[in-house]
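Colleague: Show me how the following folds:
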Amino acid sequence: MGNISIQELSTNSLKVYLGKAAEKLKPSSLGHRIRFIKSLFRWAQDENLINGNPASKIKEPKLELRVPKYLSEEEIEHLREACHTTFENALFEFMYSTGFRIGEAITLDKASINFSNQSAIVLGKGHKEHKEREVYFNTRCEIWLKRYLNERNDHEEALFVTTRATPSNKYFSSKKHYKTGSKENGH
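Modeller: Residues are numbered from 1 along each chain as shown. Have a look, this model is predicted:
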C-alpha cells in the first residue's frame, strides 16, 4: 500500500490492496491477512489513533471444505510394519482404532481406559473443554495396550510414556518419539 498513514486508509483502499494480494495468495492465506488487518485497525481504533474502522466491513473469503485424506489398507500395513516396539504398536493401534490425534492420545491416563468394554474416556477440546466423551477401540488395540502396560515398570499415571521421559516432559517425548519413528521408516 506504500507509505500511507493509517488515518488515510479507507475501506475501498483496503479492498483494492486485498484484491491485488488475492491474485498471489491462497484463500486461507488471504483470510489470515484480512484477520491481521482487522486486528490492526481494531487496535488503532481502541487507541484512538483513528475514528472509524475501515476494515470492519471486509469479509474473509469462503473456504472450500476439504475432503479429509485417509490411508489405504496398504499404507496402514506399512505403518504397522514400521512399529518396532510394543509402545509404538500400542500407540499406533490406539490412534488408528479410536481416531485420536497424537495430542489427544498422549494426554490420556491409564485410568481412562476401560478394557471390559474396550473404551476410553477423553476430555473434549476447545469450547467443549470439560465435556467427557467415550471412544471405543478394537480387539487388536486392546491386545497391544495390555502388552504395553504389562511391560512397563513405572508408576506413571499417563497411558503413553517413553523410557527417556521424565514426568515433566513425558507427553512431549511420546509425541516426538512417535513422529520421528514414523519418519525414520519412510512412512
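
Colleague: Please make it C-alpha for all contacts and neighbour counts, starting now.
Modeller: OK.

Colleague: tell me what the host helix or strand of Ile34 is packed against?
Modeller: Ile34 belongs to helix 27-46 when elements are defined using DSSP states H and E. Under the contact criterion of 3 or more CA pairs under 8 Å, 6 or more residues apart in numbering; DSSP states H and E, helix 27-46 touches helix 11-22.

Colleague: Name the spans of this protein whose pLDDT lies under the cut-off.
Modeller: 1-2, 124-130, 163-187 (pLDDT under 70).

Colleague: circling back to that earlier point, CA-only coordinates of the helix holding Ile34, as CSV, when you get a sec.
Modeller: This file holds the C-alpha atoms of helix 27-46, laid out as CSV (Å, rounded to 0.1, in the frame of the first residue of the first chain):
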residue,chain,number,x,y,z
PRO,A,27,-7.9,-18.1,0.1
SER,A,28,-6.7,-19.4,3.5
SER,A,29,-3.7,-17.1,3.4
LEU,A,30,-5.8,-14.2,2.3
GLY,A,31,-8.1,-14.9,5.3
HIS,A,32,-5.1,-14.7,7.6
ARG,A,33,-4.1,-11.3,6.0
ILE,A,34,-7.6,-10.0,6.5
ARG,A,35,-7.7,-11.0,10.1
PHE,A,36,-4.4,-9.3,10.7
ILE,A,37,-5.6,-6.1,9.1
LYS,A,38,-8.8,-6.2,11.1
SER,A,39,-6.9,-6.7,14.3
LEU,A,40,-4.6,-3.8,13.5
PHE,A,41,-7.5,-1.4,12.8
ARG,A,42,-9.3,-2.6,15.9
TRP,A,43,-6.2,-1.8,17.9
ALA,A,44,-5.8,1.6,16.2
GLN,A,45,-9.4,2.5,17.0
ASP,A,46,-9.1,1.3,20.6
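
Colleague: Which of the residues in the very next helix or strand once past it are classified as buried?
Modeller: Downstream of helix 27-46, the first helix or strand assigned by DSSP H and E is helix 73-82. For helix 73-82, the neighbour count (16 or more other CA atoms under 10 Å) marks 79-80, 82 as buried.

Colleague: And for stretch 5-13?
Modeller: In stretch 5-13, counting by 16+ other CA under 10 Å, buried: nothing.

Colleague: and if you look at stretch 141-159?
Modeller: 141-142, 144-145, 148-149, 158-159.

Colleague: and that stretch, how far from the chain's centre?
Modeller: 25 Å (CA atoms, centre = their mean, to the nearest Å).
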